[in-house]
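Chemist: Model the structure of this input:
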Amino acid sequence: MKTIAMYLPQYHNVEENNAWWGEGYTDWKAMEMAKPLYEGHIQPKEPLDHRQYDLEKKETLQWQAELMNKYGLYGVAIYHYWFKDGRKILERPAENLLKWSDIKIPFCFYWANESWVRSWSAVENQNIWAANFEQERLPNENENGVLLEQDYGRKDEWVKHFEYFVPFFKDERYIKIDGKPVIMIYRPASIMCLKEMIDCWRECAREKGFSGVFLIGANCNNDCKEIFDMQLLQEPGTTIDRDFPERYTNKNRMEVARYLAYDEVWRSLLNHKENDSHSFFGGFSNYDDTPRRGNAGTVIFNGSAEKFKIYLTELYAKNAAAGNEYVFINAWNEWGEGMYMEPDETEQYGYLEAIAYAERHYKNEIYKYTGENRIEHSKDELQIVMKQKERFCLECQILSKWLGCTEKGVKISEYFIAHNYKNIAIYGYGMLGKHLLSELKNSDVIVKAIIDLNADGLKLEIPVKKPSDNLEGYDLIVVTNVHIYKEICKSLKKHYDGKVVSLETVINEVNE
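Modeler: Okay, the predicted model is just below:
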């Protein structure tokens, strides 16, 4: 499973933020000014070691890359802001990452295709960035409260947008699925020219030497699902809108914060059965946007890194059951909305540590999302355990007889000398194989090779071969995987015409 986290590039100084939200505004300022709204409400949040970084500094991205690599995060989906007439904002972190090719952060773009507006604007598909920090209206500002307008234009503008992507697509760190660069779109249903624009991009991709683009649409409606390669159910918004609309919208009292329990939201998103088979099931670390929106915000309470690791494990299992290789998490560093995996003073590295935990345990939970009967699942597990027990018992018996030979002064090499087997190969480099190689090391018998399925992972002084390699040139192959000796003999006949014997037979004969 490959975990991709949403990545917010809103941690460096830009003129627009200064004008609209106040001098030096970034999510750090929103977080610093946050206040607890009820007893037990942990605000403001605090990054570990008070690290309020600047994304224009290379050392910041190096530090993030080290964290991602250490804890197993596959990559990030960087929010991309592109508006009418090709206007960009918050683009410098991604452009710097492209320039700093030594920083190993796999990434793709996630186009947040919303207009940026004031809190009082009635414009649809809006991003009210920081309602608590609005400055006085500017003289040339749109009368509808629009700060940056989202308008999709025509083909020449779609081509211009695609051309901006191309240098990133060519970077080896850019995330590709089936060889196609990934583009994610936040509000596809709001793009009236969606099909035409996507067709244009796919044509442009082929002209640039790619086999296409891999399009992921977040929360698609029925009209646009088939246009995309995959849909992303982005959380927690998808589940809140679907299962808790009256509590989330709260239109009668917009000044009153909305509260939802962490466990309730997670259970609801895990239990939901999506009819569309082409869906990535997303998750979230936590959520609390009151730093940006104050009393008009939403709090998902009683969350923790300990709970997250359990729910992330289930989310891995749900995606695996659907055949998905990728898991999308909201978010890497959305501090103003309380969604982050970066270390903080409360949870330390807990959200990052959850990745390795989920990777180790998710396979045990897949049956919950496949409709498989747990009793049958338990039977399968029991059969595996019983086979392991049989192998263990057989190896113990052989080791006991082997020890008996040693006590009597009888060497295993005597078997091979008696039968004139001077050049042998050992099949299987497990416990018994290692002991056999060690015992024959200073004898007249030459071990010319080790044969093992895991040949690529073995570094020995003698040749190591796979069972499918050419195995001629040995007087004998000794099989140390005694519990499956018959199966191995059958498979060896395809590549070897010589003699094969089980280590069990060897031990029994010299022990007589």
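Chemist: Can you name the residues that contact N219?
Modeler: By Cβ atoms under 8 Å, 6 or more residues apart in numbering, the residues touching N219 are 189, 231-234, 237-238, 241. C-beta: built from backbone N, CA, C; applies to glycine.
Chemist: Among those residues, name the ones in helices.
Modeler: Using DSSP state H, the members of the contacts of N219 that fall in helices are 237-238, 241.
Chemist: Now render those residues as JSON lines, adding distance to A261.
Modeler: Converted to JSON lines, the ones in helices among the contacts of N219 look like this (distance: Cβ to Cβ, whole Å):
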{"residue": "G237", "distance to A261": "16"}
{"residue": "T238", "distance to A261": "17"}
{"residue": "D241", "distance to A261": "17"}
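Chemist: Which of these has the largest number of neighbours?
Modeler: Most neighbours among those, by other Cβ atoms under 10 Å: T238, with 20 neighbours.
Chemist: Touching, that residue and L269? I think so.
Modeler: Yes - between T238 and L269 there is a contact under Cβ atoms under 8 Å: 7.2 Å.
Chemist: following the lowest-mean-pLDDT helix or strand in the chain, which helix or strand comes up?
Modeler: Within the chain, confidence by mean pLDDT, DSSP states H and E is lowest for helix 245-249 among all helices and strands, at a mean of 60. Toward the C-terminus, helix 245-249 is succeeded by strand 258-261 as the next helix or strand (DSSP states H and E).
Chemist: right, and the helix or strand after that following strand?
Modeler: From strand 258-261, the next helix or strand downstream (DSSP H and E) is helix 262-271.
Chemist: which of the residues in that next one are buried?
Modeler: 262, 265-266, 268-270 (16 or more other Cβ atoms under 10 Å).
Chemist: List the buried residues of stretch 470-486.
Modeler: Judged by neighbour count using 16+ other Cβ under 10 Å, the buried positions of stretch 470-486 are 471, 474-483, 485.
Chemist: for those, which one is nearest M431?
Modeler: T480 (8.3 Å; Cβ to Cβ).
Chemist: Reformat the buried residues of stretch 470-486 as a markdown table; add secondary structure.
Modeler: Output for the buried residues of stretch 470-486, formatted as a markdown table (DSSP: H, G, I helix; E, B strand; the rest coil):
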| residue | secondary structure |
| --- | --- |
| L471 | coil |
| Y474 | coil |
| D475 | coil |
| L476 | strand |
| I477 | strand |
| V478 | strand |
| V479 | strand |
| T480 | coil |
| N481 | coil |
| V482 | helix |
| H483 | helix |
| Y485 | helix |
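Chemist: Throw these into TSV and include pLDDT, thanks.
Modeler: Converted to TSV, those look like this (pLDDT from 0 to 100):
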residue	pLDDT
L471	86
Y474	91
D475	92
L476	93
I477	93
V478	94
V479	94
T480	93
N481	90
V482	89
H483	87
Y485	88
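Chemist: Return the member of those residues nearest to W82.
Modeler: N481 (58.4 Å).
Chemist: Spatially, what comes nearest to that closest one if we skip its sequence neighbours?
Modeler: G428 (4.1 Å; Cβ to Cβ, 6 or more residues apart in numbering).
Chemist: Can you verify my assumption that that neighbour contacts N454?
Modeler: No - with contact defined as Cβ under 8 Å, G428 does not count as touching N454 (9.9 Å).
Chemist: So which of those two has more stuff around it?
Modeler: Legend: neighbour count by other Cβ under 10 Å for G428 and N454, higher for G428 (24 against 11).
Chemist: List the residues that contact that one.
Modeler: So G428 contacts 451-452, 479-481 (Cβ under 8 Å, 6+ apart).
Chemist: can I get the residues you listed in TSV with distance to Y164?
Modeler: Shown next, in TSV, are the contacts of G428 (distance: Cβ to Cβ, whole Å):
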residue	distance to Y164
I451	54
D452	50
V479	60
T480	59
N481	56
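Chemist: State the pair within those that is farthest apart.
Modeler: Using Cβ to Cβ, the contacts of G428 span at most 11.4 Å, a distance reached by D452 and V479.
Chemist: Next, show the common contact partners of those two.
Modeler: 427-428.
Chemist: which stretches of this structure have low pLDDT?
Modeler: 246-256, 276, 372-386, 457 (pLDDT under 70).
Chemist: Just the terminal-to-terminal distance for stretch 280-291.
Modeler: End-to-end distance of stretch 280-291: 29 Å, with Cα to Cα, to the nearest Å as the criterion.
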